[in-house]
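**Q** For reference, the sequence and a predicted model appear below.
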Amino acid sequence: MPLLAPPEPKSLNDLALLLGAEVVGDGEFTVTAVAHPVFAPHRETLALAMDEGSHALLPRSHAGAAVVAAGMEIDTARFAGGLTVEGRHRVALAVLTRLFSPPLHFTPGVHPSAVVDPAAKIGDGASVGPLCVVGPDARVGPGAVLLSQVTVAAGAEVGAGSILHPGVRIGENCVIGQGCILHHNASVGADGFSFVTAGESSVESARRTGEVTAFNFDIRRIDSLGNVIVGDNVEIGAGACIDRGTLGPTRIGDGTKIDNLVQIGHNGTVGENVMIAGCTGIAGSVTIGDRAVIGGMVGIADHKKIGDDAVVAAKAGVAGHIADRAVFAGFPALPIREQRALEMNQRRVGRALARLRDLIARVERLERAAGSPADPAPDDR
């Protein structure tokens, strides 16, 4: 039995009520799938054509109906009907893709190849798939789904209705809230990158003097005794890693969305409804406020604070705190207006050098004509 039943056919009238859209043509026409106009497999498909590029491709579509933005036309000679949508088109896209999402394939209960400790608790309707391991005192909530090769270590908890895709690893005593989605090979609860040298380290000496005067001969591990607590309705992308805290928890707030290959270091706190794009690296003990947005490939240094509703542009290098609602960009990260001004000034440097060389050449010509020797040209390297 799948978690999601196969998508049921929907009439255009039904969809119009869900989307607040206007029906064009035959409102009783039913569709069983949604697709880009070019990739519509059959006539029972609703072609998504809410931007100019996809709308132009409708004449090539095999779909029987189309959804377009308000003001765009639907050829009722070619299509049985369609929908026109006002407002934010991606909201309609979210509704439609969720409605027609293909089902997950799993069977409630414990697969014969899974290893479940007798002291573990598996909730009603939960599914523990092939080759999964559930440790002692671990808890898998009602209706949760562990697809193949998932590990839920001793004392860990997976909340009701959460979905863990193949290869997910949940470390000891870590908590995953309700309604979460963890994608392939995500890791929650590995030890943090926390070490100390017996004496002053090379980095400490470099910070203090600007030179390396100490050497890392004896590197000692600091064990991670805390855990990771993930809130409800969180999504964690494939290959993302969230490290457990040293003495307390690393926390991820409700509704936060984390992209693929994101690293969140030990002792971090990420607020609610935060969005973190792929390949971002967040060092230990960073605090990110509610609703902040962190672009792709951002690096955030340890112990920094990112405020509520702040936005950090892609590839920024954050070495200081960022206030609430601030917008930062660049490397090192600066307020975006300062960064843009700096970039414009850098672009002007080439033009300024060209003018300077031209002026030097004109002065040299004038001095030669006047018979006086020219001063040596400045080194413009």
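**A** Yep, it's here.

**Q** Does anything pack onto the lowest-mean-pLDDT helix or strand in the chain? Which helices or strands?
**A** The helix or strand of the chain with the poorest confidence is helix 336-370; it has a mean of 90 (mean pLDDT, DSSP states H and E). On a contact count with 3 or more C-beta pairs under 8 Å, 6 or more residues apart in numbering; DSSP states H and E, helix 336-370 meets strand 327-329. Heads up, the C-betas are built off the backbone N, CA and C, glycines and all.

**Q** I would like the residues contacting the strand it packs on, please.
**A** The contact list for strand 327-329, computed with C-beta atoms under 8 Å, 6 or more residues apart in numbering, reads Ala310, Val311, Val312, Ala313, Ala316, Val318, Ile322, Leu334, Pro335, Ile336, Gln339, Arg340.

**Q** export the residues you listed to a markdown table and tack on distance to Gly268 and neighbour count?
**A** Putting the contacts of strand 327-329 into a markdown table (distance: C-beta to C-beta, whole Å; neighbours: other C-beta atoms under 10 Å) gives the following:
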| residue | distance to Gly268 | neighbour count |
| --- | --- | --- |
| Ala310 | 15 | 24 |
| Val311 | 19 | 19 |
| Val312 | 15 | 27 |
| Ala313 | 20 | 17 |
| Ala316 | 17 | 26 |
| Val318 | 13 | 24 |
| Ile322 | 15 | 23 |
| Leu334 | 23 | 16 |
| Pro335 | 24 | 15 |
| Ile336 | 24 | 17 |
| Gln339 | 25 | 19 |
| Arg340 | 29 | 13 |
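
**Q** of all those, which comes closest to Pro166?
**A** Val312 (31.4 Å; C-beta to C-beta).

**Q** Determine which residue lies closest to the centroid of this structure.
**A** Asp259 (2.6 Å; C-alpha atoms, centre = their mean).

**Q** thinking that residue is in contact with Gly237, fair?
**A** Yes. Between Asp259 and Gly237 a contact is recorded at 4.5 Å, counting by C-beta atoms under 8 Å.

**Q** Give me the common contacts of these two.
**A** Gly278.

**Q** Now for the residue nearest to the centre of the chain: which residues touch it?
**A** Applying C-beta under 8 Å, 6+ apart, the residues contacting Asp259 are Gly237, Ala240, Ile276, Ala277, Gly278, Cys279, Thr280, Gly296.

**Q** Just those: which are in strands?
**A** Ile276 (DSSP state E).

**Q** what residue ranges in the stretch 1-150 of the chain score low on pLDDT?
**A** Residue ranges of the stretch 1-150 of the chain with pLDDT under 70: 1-6.

**Q** Helices of the stretch 151-300 of the chain, start to end?
**A** 202-209 (DSSP state H, counting those that start in this stretch).

**Q** Redo the contacts of Asp259 as a markdown table? Include pLDDT.
**A** Output for the contacts of Asp259, formatted as a markdown table (pLDDT from 0 to 100):
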| residue | pLDDT |
| --- | --- |
| Gly237 | 98 |
| Ala240 | 98 |
| Ile276 | 98 |
| Ala277 | 98 |
| Gly278 | 98 |
| Cys279 | 98 |
| Thr280 | 98 |
| Gly296 | 98 |
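
**Q** Distance to Asp254 added to the contacts of Asp259, as TSV?
**A** Listed next are the contacts of Asp259 as TSV, based on distance: C-beta to C-beta, whole Å:
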residue	distance to Asp254
Gly237	17
Ala240	17
Ile276	15
Ala277	19
Gly278	21
Cys279	24
Thr280	20
Gly296	23
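
**Q** between the contacts of Asp259, which has the most around it?
**A** Ile276 (26 neighbours; other C-beta atoms under 10 Å).

**Q** Distance-wise, check that residue relative to Gly189.
**A** Distance of Ile276 to Gly189, given as C-beta to C-beta, to the nearest Å: 18 Å.

**Q** Quick one: residues in contact with stretch 291-309.
**A** 259, 265, 271-290, 310-326.

**Q** rerun at 7 Å
**A** 271, 273-290, 310-326 (C-beta atoms under 7 Å, 6 or more residues apart in numbering).

**Q** Next up, the contacts around Ala154.
**A** Per C-beta under 7 Å, 6+ apart, neighbours of Ala154: Gly135, Pro136, Asp137, Ala138, Glu172.

**Q** out of the residues you listed, which are buried?
**A** Gly135, Asp137, Ala138, Glu172 (16 or more other C-beta atoms under 10 Å).

**Q** quick one, phi psi at Ser127?
**A** Torsion angles at Ser127 (phi, psi; degrees, to the nearest 10) stand at phi -130, psi 130.

**Q** Test of understanding: give the bridge partners of Gly109.
**A** Bridge pairing for Gly109 (DSSP bridges) gives the partners Ser127.

**Q** Now do it against Gly123, distance only.
**A** 11 Å.

**Q** can you check Gly281 too?
**A** 35 Å.

**Q** rewinding a little: let me know the closest of the buried ones among the contacts of Ala154 to Pro41.
**A** Among the buried ones among the contacts of Ala154, and counting by C-beta to C-beta, the member closest to Pro41 is Ala138, at 41.8 Å.

**Q** ok, the closest one touching Val152?
**A** Yes. Counting by C-beta atoms under 7 Å, Val152 is a contact partner of Ala138 at 4.7 Å.

**Q** List just the nearest of the buried ones among the contacts of Ala154 to Leu17.
**A** Among these, and counting by C-beta to C-beta, the member closest to Leu17 is Ala138, at 42.7 Å.
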